[in-house]
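In: Coordinates only, no sequence provided:
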Ligand SMILES: O=C[C@H](O)[C@H](O)[C@H](O)COP(=O)(O)O
């Protein structure tokens, strides 16, 4: 997993994207260490009087947003203007997400947003996606999805919990298979194949969804605007 980015780079990316949040914005709040910097920056702006509503993508982002004083709502009540979220890998504007097993809720919130800003550090950038793809599965479908992923050419591994025996259980009560496909030359086709498997709740390929990528370094931020 590519998690080698510096805190300074993550902070620069997160704070850059947070600058896009204006008064009255409904903002999707991503999950992970880079999105957390955006949430903290939005919280500081709320303290200074900015009127925003946040839609969290996980238990973790909800808790951080509450700690930062960001008013929250869910998708039954609001529609998202702008989502800010991290990524485990970025190539040609496509993403692999789910290193924190939050990709199902992230995809719902990020896909619903009018604009989706990705925040990353340079260690996340690649020419071709090759990070294992997290696939959230209903527990009863684990074995059938393992077989189906192998038939698609992948090598699935059940994600194990740390400081708990057994598997990671997502915020939705499901399991995660990290599926290694080596280099993914047609992410749209793989995304469609994975989504079609019975028992797959969501996979971590985010294809053609991002509007901007904010890549932070210790020295500044590069913003790439993508055409969709
Ligand atoms: O499930 C977690 C998310 O998809 C994260 O946005 C992703 O793993 C990137 O996290 P980080 O910014 O901590 O590398």
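Out: Structure received. Keep in mind that what you see is a predicted model, and the values were worked out from it rather than measured.

In: make it CA atoms for all contacts and neighbour counts henceforth
Out: Fine.

In: residues from this structure in reach of the ligand?
Out: With the criterion set to CA under 6 Å from any ligand atom, the chain comes near the ligand through 3, 31-35, 85-88, 97-103.

In: If we use 5 Å, what do you get?
Out: Within the chain, the positions near the ligand by CA under 5 Å from any ligand atom are 31-34, 86-88, 97-103.

In: Toward the C-terminus, what is the element adjacent to the longest helix seen in the chain?
Out: Using DSSP state H to define each element, the chain has its longest helix at helix 33-47. In the C-terminal direction, the helix or strand that comes right after helix 33-47 (DSSP states H and E) is strand 53-56.

In: Report the mean per-residue pLDDT for that following strand.
Out: In this model, strand 53-56 has an average pLDDT of 98.

In: Counting by contacts, list what it packs against.
Out: Contacting strand 53-56 under the criterion 3 or more CA pairs under 8 Å, 6 or more residues apart in numbering; DSSP states H and E are the following elements: strand 26-29, helix 59-67.

In: For the longest helix of the chain, list every residue counted as buried.
Out: Of the residues in helix 33-47, those scored as buried under the neighbour-count criterion (16 or more other CA atoms under 10 Å) are 33-43, 45-46.

In: Can you verify my assumption that residue 216 contacts residue 123?
Out: No - proximity of residue 216 to residue 123 does not meet the contact threshold set by CA atoms under 8 Å, at 10.1 Å.

In: related to what we said a few turns ago, among the helices and strands packed on strand 53-56, pick out the one with the most neighbours on average.
Out: Ranked by average neighbour count under the criterion mean count of other CA atoms under 10 Å, the helices and strands packed on strand 53-56 are headed by strand 26-29 at a mean of 30.

In: and that strand, what does it pack onto?
Out: Judged by 3+ CA pairs under 8 Å, 6+ apart, the packing partners of strand 26-29 are strand 53-56, strand 82-85.

In: Could you dump those into CSV with distance to residue 110 and mean neighbour count added?
Out: Supplementary listing: the helices and strands packed on strand 26-29 in CSV, determined by distance: least, CA to CA, whole Å; neighbours: other CA atoms under 10 Å:
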stretch, distance to residue 110, mean neighbour count
strand 53-56, 10, 25
strand 82-85, 5, 29
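
In: ok, back up a step: mind putting the buried residues of helix 33-47 into CSV with pLDDT?
Out: Listed next are the buried residues of helix 33-47 as CSV, based on pLDDT from 0 to 100:
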residue, pLDDT
33, 98
34, 98
35, 98
36, 98
37, 98
38, 98
39, 98
40, 98
41, 98
42, 98
43, 98
45, 98
46, 98
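
In: Where does pLDDT dip in the chain?
Out: Counting by pLDDT under 70, the chain shows low-confidence ranges at 1-4.

In: Break it down into its domains, please.
Out: By the assignment in automatic domain parsing, the chain contains the domains 7-126+207-225, 133-201.

In: Looking at the ones you listed, which one is packed in the most?
Out: domain 7-126+207-225 (a mean of 21).

In: Same list (the helices and strands packed on strand 26-29) but as JSON lines, adding distance to residue 208.
Out: As requested, those are arranged in JSON lines below (distance: least, CA to CA, whole Å):
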{"stretch": "strand 53-56", "distance to residue 208": "22"}
{"stretch": "strand 82-85", "distance to residue 208": "15"}
